[in-house]
Every structure is written in structure tokens, then in C-alpha cells.
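Novice: Return a 3D structure for these sequence lines:
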Amino acid sequence: MKKWNGYQKGVNLGGWLSQTVLTKEHCDTFIIESDIENIRKMGFDHVRLPVDYELVQDKNGCFIDSGFVYIENCVEWCGKYGLNMVLDLHKAAGYCFDAKQKEAGLFYDEELNCRFIALWTEFTRRFGRYADRLSFELLNEVVDEADNAPWMALAERTVKEIRKTAPDIKILIGSYLNNSVTTVKHIAQPFDENIVYNFHCYDPLLFTHQGAYWLEDMPRDYRIQYPMGKAEFLTAAAECPAKISAYEGEIPENGFSAEYFENIFREAVETAQERDVMLYCGEYGVNELADAESAVNWYRDIHSVLDKYGIGRAMWSYKGMDFGLSDGLLGCITDKIV
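Specialist: Alright, predicted model coming up:
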């Protein structure tokens, strides 16, 4: 399988230009140049920058120059400190992975299709010349299987427009179920040799999202350790009232270990090998409510498999967002998990 050099060990800048109220004060202060310098010192080789469309495009589809400045700053800072960057459209007009955002219609509305393509055309006009150290992620986490076919059609149209002026820039595409590793096989055949298949991994979700306030019926005081035996975990999952899929795939008889990630990644790895594309895990992580020892164990296991196959990765997330690497729980174990 192809290895994506320069994107092997990254971190997300979640909560800066996405999933937040985009006030000038917030955008000016949440991430600054010294953060990018610190990320490089921590040993990362790239950042993934999630961006919501409202930063750079108003409700009428007109571009907002002042919003692009923050992306330009990040590109400049990354260049200064020797980091590569993934520009991720986290929320588009007509689509967001978070249903509470009430964005809908992107995959079935031609006007919204055109707005989406126009935004990526503008991103390409402004940033396509940085193809040696910048990559494009077209959209974050399509949820519903029914949307996958129209999403792939829109992705193909968008790639064709980008390629008119940026033939070599890497373009990341994920599949449904929130970019699940189990749906990588449903990504369209690569449109060209510069396509990267993208997935996210928070498995087992019951562990990585324990006590998460944003999950329906998840008790805030719910705690679970990692690793855990199969029977013990299934009992814990049955007792948790949260309406979630507690884990993907099959749990090995001896419980959770690197073998679990080998199993759930296997089909995606085979798909990437067969189609001769690079594979990238754009989000993965453990929330700050997990105990430190369990978090270290989880990162050890998933990293061992990602490293084995040369799968690039970006931890969620550098700061805040209930997963902060530079603050909260993870700040005290950074040297063990980066």
C-alpha cells in the first residue's frame, strides 16, 4: 500500500475555525503562531484544519475575504515551521455531520452542488499553489448510506474542477457512517493518482466517548477502562443506556488489543492495496474523561496498527473540544501518545 509521506503523524486544530461561534476575538486568539510552533516541537509532521463554510462564504454564496485570512495564516505558519496541512471542509452549505446544525439538501440540490464546487474552486485559486505541503479534504463525515452515491458523484465533479488548476494536489475522500473504516470499500474508484482514502476511528466508541454529554442518554459519570475482556465489555455495553454503536466489527475472544484494530482495519487496507491508493485516518482519539492509563493503552494499540501499514493519521484534537492534547487529561501523557 502507498505510504503518504509527510502526513504520518498529525493533529487536528478542531474548534478554531469550525464547531464554534466564529467571532473575530475567537478566531484571532484560539490558535496563534506559537501553537503551530509548539505542534512542530511535539513531533508532529502536519495539522488538519477543519473549517466551516460560514467563515468564508455567506448565505448567498459570496466569499468573505476576512475569513480566508485565517486559513492563509495557518498555511504560512505551517510553512515557516515545516508542517504540512490538510484543509478540511467540516461543514458545507446544505450539509453537516451534526444534524442539530440543520444544514440539509447538499447532495440533492443542484444550486447547493454549485455552491460547494464554487467554494472548492476558490480554495484552489487561493491555495492550490501549495500542493507540495497542502492537501484538500472535500467534506467531513457523510452520515447516511443513502447519501453515499450522490456524494461520490459530487466529489467527482469537484475533483474535476480542482484539477483544472491544481493537477497534483492530494484530495481526501471519505465514505458514509461518519467516515467509518468499515465503509472505505464504498468510496468510488480513485478519480486519479492523487486521491487519498480517508477514514475516522473512535472505536470502541463506548470507551473513547465515555461520559460524553453530546451523546443521547450517555450518563455523564459513565466510566470504562481499556483494555477490557470481551465478556466484561459486552456486559458494560448492555448496561449503558446511551444510544450508540458501542463498537465496530468483532471483538477478539481475548478482548481488546491491537488485534481488534487489525481486524476492523483489514478490509480498508485490502481495498487501498487493490486500488493503489493511500489511506489516512483523519480523526481518532479518546475524550478527556478516560483515565490516563487506559488512554495510553488505547493509543498504543491503534498506533501499532496504523504504523504497521503506513497509514497517515491526525489525532483529535490539539486544544479543547473535550479531547485536548495540549490541555486537560492528554496534556499529562503527551510524551506517551504522540
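Novice: Please count neighbours and contacts with C-alpha atoms only from this point.
Specialist: Will do.
Novice: Surely residue 14 forms part of a strand?
Specialist: No. Counting by DSSP: H, G, I helix; E, B strand; the rest coil, residue 14 is located in no strand; its state is coil.
Novice: In terms of pLDDT, where does it sit?
Specialist: pLDDT for residue 14: 98.
Novice: Please apply the same query to residue 191.
Specialist: Residue 191 is assigned a pLDDT of 98 by the prediction.
Novice: ok, it touching residue 157?
Specialist: No. Assessed by Cα atoms under 8 Å, residue 191 is found out of contact with residue 157, at 10.0 Å.
Novice: Ranking helices and strands of the protein by mean pLDDT, which lands last?
Specialist: helix 334-337 (a mean of 89; mean pLDDT, DSSP states H and E).
Novice: contacts for that helix?
Specialist: Here helix 334-337 makes contact (Cα atoms under 8 Å, 6 or more residues apart in numbering) with 296, 299-300, 325-326.
Novice: Strands along the protein, start to end?
Specialist: For the chain, applying DSSP state E gives strands covering 10-12, 46-52, 84-92, 95-96, 134-137, 171-174, 195-201, 278-284, 312-315.
Novice: Figure out which of these is closest to residue 143.
Specialist: Comparing the strands of the chain by their distance to residue 143 (Cα to Cα), the top pick is strand 95-96, with 9.0 Å.
Novice: Just name whatever secondary elements that closest one is in contact with.
Specialist: With contacts defined as 3 or more Cα pairs under 8 Å, 6 or more residues apart in numbering; DSSP states H and E, strand 95-96 has no helix or strand neighbours.
Novice: which neighbours does that strand have in its sheet, and in what orientation?
Specialist: Taking DSSP bridges as the criterion, strand 95-96 forms sheet pairs with strand 84-92 (antiparallel).
Novice: Return the mean pLDDT over the partner strand, rounded to an integer.
Specialist: For strand 84-92, mean pLDDT is 98.
Novice: Other residues contacting that strand?
Specialist: In this structure, residues lying in contact with strand 84-92 by Cα under 8 Å, 6+ apart are 6-7, 18, 45-53, 75, 78, 96-97, 103, 106, 116, 133-140.
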